[in-house]
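Engineer: Here's my sequence, what's the structure:
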Amino acid sequence: MVENLQSTLLQIEVVVTQPFAENTLIVHRGAGGDCLIVDPGFGPQAIVRAVEDLRATPVAILLTHGHVDHIAGIGHLRERWPDLPILIGRGDAPMLTDPALNLSGQFGLPLTCPPATRLLDEGERLSFLGVEFLVREIPGHSPGHVVYIAAGAPLRILGGDVLFAGSIGRTDFPGGSQTQLVTGIQEKLFVLPDDAVVYPGHGPTTTIGREKRTNPYCMTGVGGRS
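Structural biologist: Numbers count the residues shown, from 1 in each chain. Okay, the predicted model is just below:
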């Protein structure tokens, strides 16, 4: 399933792939231009088809974290576009080449990906598609999970498995920490404008304002999903 979600500057295609209903994001400025591929999951053929339907040229793969459902499509994309850079937070970089760390081993289908071409740290600023993206590190779901905050009105947050509509990411995986995750959300996301739009790794989009008002997990520090 591909859903088109437009903002004032960027456009974001959401390709939902199974078996984990993971959201792969294709970020672009319109058909025929450059694009970013964020968290390419299973079903890489659907991702490639969505890019080709846009007549777009990928310029980078941005990864929020290194769990298998967010990296499974990298190898296929690299076959299609061999020079495509791979960016990931420094703390999650080892997951790309280690089936135990990326959790694929426990499903009996060990998967490895090419190593990252660039490691990202808290506070870095990236420039793609004529837009600045701020990197914020929010561990807790994984040790080195990052989110990308795209400048504009409203801000767009490419959020991975940090903050969901009405929930937060699971913290029972190796390297997880519920305290770290909730603290990171409160200190690095809830300080953003209420109209900032969150594009999560699973489920529908939401806004910072909505989650500040209604998300029970951030209020109580319990629970989590995906």
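
Engineer: Poorly predicted segments of this protein, please.
Structural biologist: 1-8, 220-226 (pLDDT under 70).

Engineer: So which residues of it form helices?
Structural biologist: 44-53, 74-80, 178-184, 208-214, 216-220 (DSSP state H).

Engineer: would TSV of the ones you listed with distance to residue 65 and mean neighbour count be doable?
Structural biologist: Any C-beta I mention is one placed from the backbone N, CA and C, and that applies to glycine too. Putting these into TSV (distance: least, C-beta to C-beta, whole Å; neighbours: other C-beta atoms under 10 Å) gives the following:
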stretch	distance to residue 65	mean neighbour count
helix 44-53	18	17
helix 74-80	13	16
helix 178-184	12	19
helix 208-214	19	16
helix 216-220	18	15
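
Engineer: Serialize those helices to CSV and add fields for distance to residue 106.
Structural biologist: As requested, the helices of the chain are exported to CSV (distance: least, C-beta to C-beta, whole Å):
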stretch, distance to residue 106
helix 44-53, 21
helix 74-80, 19
helix 178-184, 21
helix 208-214, 30
helix 216-220, 25
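
Engineer: and the most centrally placed residue in the chain, bridged to which residues?
Structural biologist: Among the residues of the chain, the one closest to the centroid is residue 160, at 3.4 Å (C-alpha atoms, centre = their mean). Counting by DSSP bridges, residue 160 is bridged to residue 200.

Engineer: Repeat that for residue 38.
Structural biologist: Beta-bridge partners of residue 38, as defined by DSSP bridges: residue 25, residue 62.

Engineer: separation between it and residue 144?
Structural biologist: 16 Å (C-beta to C-beta, to the nearest Å).

Engineer: for the helices of the chain, which one sits closest to residue 150?
Structural biologist: Residue 150 lies closest to helix 208-214 among the helices of the chain, at 13.6 Å (C-beta to C-beta).

Engineer: In contact with the residue nearest to the centre of the chain, which residues?
Structural biologist: 39, 64-65, 70, 141, 145-147, 169, 200-201 (C-beta atoms under 8 Å, 6 or more residues apart in numbering).

Engineer: filter those to the buried ones?
Structural biologist: 39, 64-65, 70, 141, 145-147, 169, 200-201 (16 or more other C-beta atoms under 10 Å).

Engineer: Tell me how many other residues surround residue 137.
Structural biologist: 20 (other C-beta atoms under 10 Å).
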